[in-house]
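Student: got a structure for you, letters missing:
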Ligand SMILES: [Zn+2]
């Protein structure tokens, strides 16, 4: 198994009372426990490490010699300093970018973000968008806005993470069906008691409609811990039609997307 969407951060950054939570070491323990071979780790968001260069540098130091971890940067699409950071860490070997429009207060189709998308496409870095209700003005980050980005930058690979949650599921699915360069991210959609839950018949429909080669499982560690992730892996298998599809969703699609072996 090769899973996406693990947030890692320096000890104490996630929870000062329990400094091990959210660390790379604690992630490795969960991977061992659940039989996860490899994972994509995200650089800390500004809430955990304020300076974006420092956050991405820290992540790179964690993953550069780790054969079971690949790294994604965390960047704002509208901050001018994101461009040199993206170049630097693409060259150093990070494999993609996580961006979070409501956290960065960045409207998805703001033209100020176009140089960011263009550079990511040039450098062959997939961009993962958080989609789904998360404060700020919904109008600025509803998933349908990704359609324009996918059209303007056909070489850019895009992960529509959380599939918009239940509230925006239809928009997220429309964007993915409409654009071959878009992928469905299942992170945090598989548990009824969780923020972006989507009824499982709808997710089953995604897998059969767009194909398991465009569907990607992620953990949302450390927001999800061992038991939650175990539950989600089983739920991901259960929305697939047989083991070959499950293998795609639980690893092969991600390997093909980021081009690592
Ligand atoms: Zn996340």
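Tutor: Yes, it's here. What you see is a predicted model, and the numbers here were worked out from it, not measured in a lab.

Student: Any stretches of this structure with poor pLDDT?
Tutor: The model of the chain has pLDDT under 70 over residues 261.

Student: mind listing the strands for it?
Tutor: Using DSSP state E, the strands of the chain run over 2-7, 38-42, 69-74, 96-99, 127-130, 158-161, 182-185, 215-216, 218-221.

Student: counting contacts, what elements does the fourth one pack onto?
Tutor: For strand 96-99, the contact count by 3 or more C-beta pairs under 8 Å, 6 or more residues apart in numbering; DSSP states H and E identifies strand 69-74, strand 127-130 as packing neighbours. Where C-beta positions appear, they are placed from N, C-alpha and C, glycine not excepted.

Student: Can you redo these as CSV, where the extra columns are mean neighbour count and distance to residue 169?
Tutor: Listed next are those as CSV, based on neighbours: other C-beta atoms under 10 Å; distance: least, C-beta to C-beta, whole Å:
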stretch, mean neighbour count, distance to residue 169
strand 69-74, 24, 24
strand 127-130, 25, 15
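
Student: Look up phi and psi at the closest residue to residue 93 other than its chain neighbours.
Tutor: Nearest non-adjacent residue to residue 93, counting by C-beta to C-beta, 6 or more residues apart in numbering: residue 64, 6.6 Å away. Residue 64 has phi and psi values of phi -60, psi -40 when expressed as degrees, to the nearest 10.

Student: can you tell me how far residue 64 sits from residue 44?
Tutor: 16 Å (C-beta to C-beta, to the nearest Å).

Student: So for the two, which sits in the more crowded spot?
Tutor: The residue with more neighbours, out of residue 64 and residue 44, is residue 44; 23 against 12, by other C-beta atoms under 10 Å.

Student: Identify the residues contacting residue 70.
Tutor: Applying C-beta atoms under 8 Å, 6 or more residues apart in numbering, we find residue 70 in contact with 38, 39, 40, 41, 63, 94, 95, 258, 260.

Student: Tell me which two in those residues are the farthest apart.
Tutor: The largest separation in the contacts of residue 70, counting by C-beta to C-beta, is between 38 and 94 at 14.8 Å.

Student: Between the two, tell me which one has more neighbours.
Tutor: residue 94 (26 against 17).

Student: Assess the claim that the more buried one and residue 61 are in contact.
Tutor: No. Between residue 94 and residue 61 there is no contact under C-beta atoms under 8 Å: 11.3 Å.

Student: returning to that earlier point: what's the PyMOL line that selects buried ones from the contacts of residue 70?
Tutor: To isolate in PyMOL the members of the contacts of residue 70 that are buried, counting by 16 or more other C-beta atoms under 10 Å, one can use:
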select buried, resi 38+39+40+41+63+94+95+258
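
Student: Throw the contacts of residue 70 into JSON lines and include distance to residue 171, thanks.
Tutor: Below are these laid out as JSON lines (distance: C-beta to C-beta, whole Å):
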{"residue": "38", "distance to residue 171": "31"}
{"residue": "39", "distance to residue 171": "28"}
{"residue": "40", "distance to residue 171": "25"}
{"residue": "41", "distance to residue 171": "28"}
{"residue": "63", "distance to residue 171": "33"}
{"residue": "94", "distance to residue 171": "29"}
{"residue": "95", "distance to residue 171": "27"}
{"residue": "258", "distance to residue 171": "25"}
{"residue": "260", "distance to residue 171": "30"}
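
Student: Do me a favour and get the end-to-end distance for stretch 54-70?
Tutor: Stretch 54-70 has an end-to-end distance of 18 Å (criterion: C-alpha to C-alpha, to the nearest Å).

Student: And stretch 183-195, by the same measure?
Tutor: OK, stretch 183-195 end separation, C-alpha to C-alpha: 20 Å.
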